[in-house]
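> With the input below, show me the fold.
(one chain, ligands or ions: 1)
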Amino acid sequence: MVITDIRILQKGFNYSQDGPGNRLVYHLQGCNLHCPWCSNPESMSTAEGEGISTEAVLKEILISELMFFDGGGVTFTGGEPTLQFDALKELLTMLRPYGISTAIETNGTNPRLPELFSLTDYLIMDFKHHSSDKLREYTGVGNETVISNLKAASQSRNQLLLRIPLINGFNASEEDAAGFAKILSPLMKDGFALEVLRYHEYGKDKWAQHGMQYTMQDAFVTDAQFDKFCSILKNNSIKLVRT
Ligand code: SF4
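The predicted structure is shown next:
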């Protein structure tokens with residue numbers, strides 16, 4: 001077996017926000033997007049992060065197994081975990097025989113993502129914008145691959161949690177809600193759900209700490225905006241959840 005190094009920014013246990021139950025969450029270094037609201041801007045650079053072999057990570061996960069209570073397991077997030085695709089796939093494959101619950105949180109832009117579907121019990125995927133142009137304008141990458149991955153998931157998976165970060169001035173208008181609903185509604189099925197996350201500024205200070213400029217302004221959504229956005233999605237038969 002090939003043992004590849006994987007670069008990890010940080011790791012720790014988290015309950016229920018990164019998949020079901022208590023999970024060991026690995027933040028993998030590097031992201032191909034540059035979202036100006038990112039709460040982990042230190043994860044964007046592909047140059048940083050300590051390399052560790054997938055075999056060493058596997059051992060660490062196996063000795064943590066008693067902590068995976070309430071249906072927990074291991075989650076790979078970022079940054080963007082699929083940026084280190086081969087190492088991630090190798091690790092997920094190594095984990096399979098042990099029956100440990102696996103989860104990925106991804107921005108959905110990697111065209112190889114469907115290769116990981118059968119290796120991933122719980123898939124969390126962003127769907128940040130219905131308009132590819134708008135997504136590209138803000139993050140540098142459009143949504144075509146996200147949509148094709150969503151279609152592939154709809155054909156072959158029984159579980160998917162989609163997430164929309166709701167941001168005033170970016171994607172939070174009633175027209176935006178209708179735009180999301182038009183794309184998502186035909187692709188949702190039993191076991192698929194959507195979580196709308198309101199914009200926050202938790203990562204703001206980190207931008208300056210890493211010599212980067214935080215440019216978001218007037219991005220908070222009101223209660224009325226949030227409720228209206230959610231009601232339009234619900235009226236289009238999209239199941240909403242809160243984790
Ligand atoms: S995709 Fe996620 S990790 Fe990457 S820049 Fe955007 S918010 Fe940050």
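> what kind of secondary structure is the nearest residue to W207 once chain neighbours are set aside in?
Distances taken as C-beta to C-beta, 6 or more residues apart in numbering put Y214 closest to W207, at 4.0 Å, once the chain neighbours are dropped. Glycine gets a C-beta too; all of them are placed from N, C-alpha and C. Secondary structure assignment for Y214 (DSSP: H, G, I helix; E, B strand; the rest coil): coil.
> ranges for the strands of the protein?
Along the chain, counting by DSSP state E, strands occupy 5-15, 22-28, 50-53, 73-77, 101-106, 122-126, 160-166, 192-198.
> what comes up buried for the helix or strand bottoming out on mean pLDDT in the chain?
In the chain, no helix or strand scores lower on mean pLDDT, DSSP states H and E than strand 50-53, which sits at a mean of 88. For strand 50-53, burial by neighbour count (16 or more other C-beta atoms under 10 Å) applies to I52.
> now for that strand, which elements pack on it?
Secondary-structure packing of strand 50-53 (3 or more C-beta pairs under 8 Å, 6 or more residues apart in numbering; DSSP states H and E): strand 5-15.
> Count the neighbours of the residue nearest to W207 for me.
Neighbours of Y214 under the rule other C-beta atoms under 10 Å: 16.
> In this model C38 seems to touch it, though I could be wrong.
No: applying C-beta atoms under 8 Å as the test, Y214 and C38 come out as separate, 9.4 Å apart.
> Tell me how many other residues surround Y15.
12.
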